[in-house]
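In: Provide a 3D model corresponding to the input given below.
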Amino acid sequence: MLQNIVMERKIYASEEHKMMQEMIQEFISHDIIDHLDEWEKNGMVSREIWKRAGELGLLCVDMPEEYGGGGLDFTFNALLIEAFAKK
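Out: Have a look, this model is predicted:
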């Protein structure tokens with residue numbers, strides 16, 4: 001019911017947030033949605049999806065770069081979590 005409501009929030013107003021949001025939505029629609037039933041049946045997601053998420057920089061986005069993360073602030077992690085929660 002509330003999935004169709006889109007609220008503009010200042011916390012995600014930067015160009016970088018908008019670019020990340022578009023990338024996440026594309027990732028979900030192209031790489032995840034079609035495989036949900038298979039993963040549910042298997043009880044786990046494929047290794048390929050973890051690899052793809054890593055290639056896109058969607059793993060550990062708020063960890064410092066020196067430890068292999070994206071070096072972004074927590075708002076990017078929150079953006080990612082919210083996008084997955086909607087699906």
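
In: how about the helices in this protein?
Out: Counting by DSSP state H, the chain has helices at residues 15-27, 36-42, 47-55, 74-86.

In: Now do Ala13, the pLDDT please.
Out: The model reports Ala13 with a pLDDT of 79.

In: wait, Gly57
Out: Gly57 is given a pLDDT of 93.

In: so who does the residue nearest to it when sequence neighbours are not counted touch?
Out: Leaving aside its chain neighbours, Gly57 sits nearest to Gly70 (5.2 Å; criterion: CB to CB, 6 or more residues apart in numbering). The C-beta positions use only the backbone N, C-alpha and C, and glycine is treated the same way. The contact partners of Gly70, by CB atoms under 8 Å, 6 or more residues apart in numbering, come to Gly57, Cys60, Val61, Asp62, Met63, Phe76.

In: try 10 Å
Out: Shown in contact with Gly70 (CB atoms under 10 Å, 6 or more residues apart in numbering): Met20, Gly57, Leu58, Leu59, Cys60, Val61, Asp62, Met63, Pro64, Phe76, Asn77.

In: and which of these is nearest Ile32?
Out: Closest approach to Ile32 among those (CB to CB): Leu58, at 11.0 Å.

In: quick one: the closest residue to the closest one other than its chain neighbours and Gly43, what's the gap?
Out: Once flanking residues are discounted, Leu58 sits nearest to Leu80: 6.3 Å by CB to CB, 6+ apart. Distance, Leu80 to Gly43, by CB to CB, to the nearest Å: 23 Å.

In: who has more neighbours, the two?
Out: Using other CB atoms under 10 Å as the criterion, Leu80 and Gly43 rank with Leu80 on top: 21 against 6.

In: By average pLDDT, which secondary structure element in the protein comes out worst?
Out: In the chain, no helix or strand scores lower on mean pLDDT, DSSP states H and E than helix 74-86, which sits at a mean of 91.

In: Appreciated, that's everything.
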